[in-house]
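Engineer: Here you go, sequence then predicted model.
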Amino acid sequence: MHGIALLTCLLTVALMKQVSGLDPVTGKYGDTIEIPCSSGHVEETEVTLVKWKYDKDGNILVKKQNQNATFSDDVNYNNRVSIKKDFSLVITKVTMADQRTFTCMVVKDTDILEYPVQLAIYKVPSQPQITNLTTAMAIGKLTTLAQCRTEGANPAANITWFKNKTPLTTDGAAIKISTNVDVDEETRLSMTTSTLEYTAVKGDIDAKFTCQVQHIRSANMDSSPLVFTVNYPTEKVNLQVLSQGPFKEGDNVTLKCTADGNPPPSSYNFYINGEKKTVDSSTYTLTNVTRANTGDYKCSLVENEEIVASVPITVEYLDVVLSTTGKIVKKLGESFEMTLDVKASGVAQTSWKKGNVKLNSLPKFDKLTYSHSGVYECVVSSAGLKKTETFELVVEGSPVIKNLIKERGEGMTKVLKCVTEGSPKPTVQWSVNGTSVETAYEHGKVTYSITILPKGNLTVSCTVSNDLGSDIKSINVSALVEDVTMDKQADQKDEYSDQTALAVGIVVGLILAALAIGLAYWLYTKKYRQGSWKTGEKEDGSAEESKKLEENQSQKADV
């Protein structure tokens, strides 16, 4: 038997004339893969035996012509392999242990052919995982920011760090990146870990760091952006006024001190009217400010008072004082003058009005009338401030009846009108009964009317009075309709007579003035020209004669 076995072995070696390698096959970890036997070079009818094996001594299965395949007891492939009609080997749930050389041995006729195939297994790495993450980094100090890890890959994945989408590389000083690859002994899959050490600058505020996993069998995978707090010392402070100006007396003013360092200081020094106040806050409020609070205000760091900032604050003020306020009572015809004293932090604008009527200047009257009565308003504005002062001027006088007239009414009635001035408003008393009405009382004037039906001739009196006095006037009224017309004609006649008398007086005055001028001229000529004229000579002499006459008169006067 041993001799036959040896002979068979020698015969097998002698018959093995060809070994042909096939292209490598790549499979995904965990999938089912198919390894070709001869890439179609062998016909099924020509094959007497096919054997699949791996590496040097590993046997998987044997299939003889017209028989089912016989599987080995190899624990690596038991229940995981099968053979197809074209002799391809099918392996399920491939692992990294299957990454080896498989050989398909084919016996046909007197030839023995072998087709080795290299099987490569790949696995896509996991998404990047960030560990050992820090929260802040200080300017100028090398700080370990984070670790980026990906696992379960074959071949091993690569990791690249980015800042604002720009790749980072190790420079040995400001940036250090260390990468380690570990292979799991059981799964034979790789885990890649990359650690980033970084020295921050001020420009790294709000910078976004990411790590990217790169693999030959997958698209690049980025981590979520990492934003770190950048700590740096304060170089300057800023003081600002939070309250909205302009400020007036009585307002509250809030100051806020900020620093450019990170983290910002928790307390500051505020300098209020030269006095330092340390507060555990970035704000300070001035309450109920006055004009005395106008000035420069400062804040500084508690630990370094040389880092300081200042801001000016102006408290606007406006003082308006009238010489008289409230209700002012004056008599008709008196003088009145109001004075105004204004003190303001800026240029003041002043306007006056009486009621709704604008006045051009401060109220000043040499002689008061009833129309000057009313409420006066003074508006003064300066630097956003405005104050309004008012006073009421009341002009009083005893009542006076300016006119008492009669008019024809409806039918046989007569309307009597008593036109009156006075303040306070006068009351009226008629000597007869009738229907009374009155006009609106304005500027001390009011007209009282009464409608009567006279039965005969009578005298009607109008009496007006107030607290300061009274006045009375009477008028004759008859029952005749022509009574009103005759009164009007009489009034017109009296008016015409008055106008005629005035005209006659003017004419007489002019005549007397002319006579006076003529008499003066006659006396003048008589004094200076007496005896200088000859009978029959013209009244007018030449200029030369007049001169001689004056010289003669002068000589006579000297003698």
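Structural biologist: Structure's in. What do you need? Numbers count the residues shown, from 1 in each chain.
Engineer: contacts, neighbours, all on C-alpha from now
Structural biologist: OK.
Engineer: For this structure, give me the ranges with low pLDDT.
Structural biologist: 1-21, 39-42, 481-510, 513-514, 516, 518-559 (pLDDT under 70).
Engineer: switch to 80 and redo it
Structural biologist: 1-22, 39-45, 109-110, 384, 480-559 (pLDDT under 80).
Engineer: what sits against Lys358?
Structural biologist: Ser351, Trp352 (Cα atoms under 8 Å, 6 or more residues apart in numbering).
Engineer: right, and the helix or strand after the host helix or strand of it?
Structural biologist: Using DSSP states H and E, Lys358 sits in strand 357-359. Downstream of strand 357-359, the first helix or strand assigned by DSSP H and E is strand 364-365.
Engineer: so what strands line up beside that next one?
Structural biologist: strand 336-337 (antiparallel) (DSSP bridges).
Engineer: Check what contacts the strand it pairs with and list those residues.
Structural biologist: With contact meaning Cα under 8 Å, 6+ apart, strand 336-337 is reached by Pro363, Lys364, Phe365, Asp366, Lys367, Leu368.
Engineer: filter those to the buried ones?
Structural biologist: Buried members of these, counted by 16 or more other Cα atoms under 10 Å: Leu368.
Engineer: mind putting the contacts of strand 336-337 in JSON lines, distance to Ser218 included?
Structural biologist: Conversion of the contacts of strand 336-337 to JSON lines gives the following (distance: Cα to Cα, whole Å):
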{"residue": "Pro363", "distance to Ser218": "95"}
{"residue": "Lys364", "distance to Ser218": "98"}
{"residue": "Phe365", "distance to Ser218": "101"}
{"residue": "Asp366", "distance to Ser218": "105"}
{"residue": "Lys367", "distance to Ser218": "106"}
{"residue": "Leu368", "distance to Ser218": "104"}
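Engineer: Could you identify the most distant pair in the contacts of strand 336-337?
Structural biologist: Farthest-apart pair in the contacts of strand 336-337 is Pro363 and Lys367; separation 12.1 Å (Cα to Cα).
Engineer: Domain map for the chain?
Structural biologist: As given by automatic domain parsing, the domain ranges for the chain are 12-122, 129-231, 237-316, 318-394, 395-481, 482-516.
Engineer: returning to that earlier point: strand partners of the strand holding Lys358, parallel vs antiparallel please.
Structural biologist: If you go by DSSP bridges, strand 357-359 pairs up with strand 349-354 (antiparallel).
Engineer: for the strand it pairs with, which positions count as buried?
Structural biologist: Thr350, Trp352, Lys353, Lys354.
Engineer: which residue ranges form the helices in this structure?
Structural biologist: 2-15, 482-529, 543-558 (DSSP state H).
Engineer: follow-up on the earlier one: which one of the contacts of strand 336-337 is nearest Phe247?
Structural biologist: Looking across the contacts of strand 336-337 and measuring by Cα to Cα, the closest to Phe247 is Pro363, at 31.8 Å.
Engineer: what's the spacing between that closest one and Ser381?
Structural biologist: Pro363 sits 19 Å away from Ser381, going by Cα to Cα, to the nearest Å.
Engineer: Give me the residue at the spatial middle of the chain.
Structural biologist: By Cα atoms, centre = their mean, the mean C-alpha position of the chain lies nearest to Gln244, the distance being 11.6 Å.
Engineer: Distance check, Leu168 against Ala219.
Structural biologist: From Leu168 to Ala219 the distance is 20 Å (Cα to Cα).
Engineer: Which of these two has more residues huddled nearby?
Structural biologist: Taking neighbours as other Cα atoms under 10 Å, Leu168 and Ala219 compare with Leu168 leading, 18 against 10.
Engineer: State the distance from that one to Gln214.
Structural biologist: Taking Cα to Cα, one finds Leu168 at 15 Å from Gln214.
Engineer: Repeat that for Thr254.
Structural biologist: In terms of Cα to Cα, Thr254 sits 55 Å off from Gln214.
Engineer: again, but for Phe365
Structural biologist: 99 Å.
Engineer: just Ala344 next, same as before
Structural biologist: 75 Å.
Engineer: Could you do Pro233 as well?
Structural biologist: Pro233 is 38 Å from Gln214, by Cα to Cα.
Engineer: Show me which of the two is the more surrounded one.
Structural biologist: Gln214 (20 against 14).
Engineer: That one bridge partners, please.
Structural biologist: With DSSP bridges as the rule, Gln214 is bridged to Asn158.
Engineer: Leu322 too?
Structural biologist: With DSSP bridges as the criterion, Leu322 is bridged to Leu340.
Engineer: same question, Lys364
Structural biologist: Here Lys364, judged by DSSP bridges, has bridge partners Glu337.
Engineer: if I pick it, what's in contact with it?
Structural biologist: Ser335, Phe336, Glu337, Met338.
Engineer: Count the residues that sit near the residue nearest to Gly409 when sequence neighbours are not counted.
Structural biologist: In this structure, Gly409 finds its nearest non-sequential neighbour in Val415, 5.6 Å apart by Cα to Cα, 6 or more residues apart in numbering. By the measure other Cα under 10 Å, the count of residues near Val415 is 19.
Engineer: wait, isn't Val415 in contact with Tyr448?
Structural biologist: No. Look at Val415 against Tyr448 with Cα atoms under 8 Å: they stay out of range, at 10.3 Å.
Engineer: Going by neighbour count, list what's buried in the longest strand seen in the chain.
Structural biologist: If you go by DSSP state E, the chain has its longest strand at strand 385-408. Buried residues in strand 385-408, counted by 16+ other Cα under 10 Å: 385-386, 390-401, 404-408.
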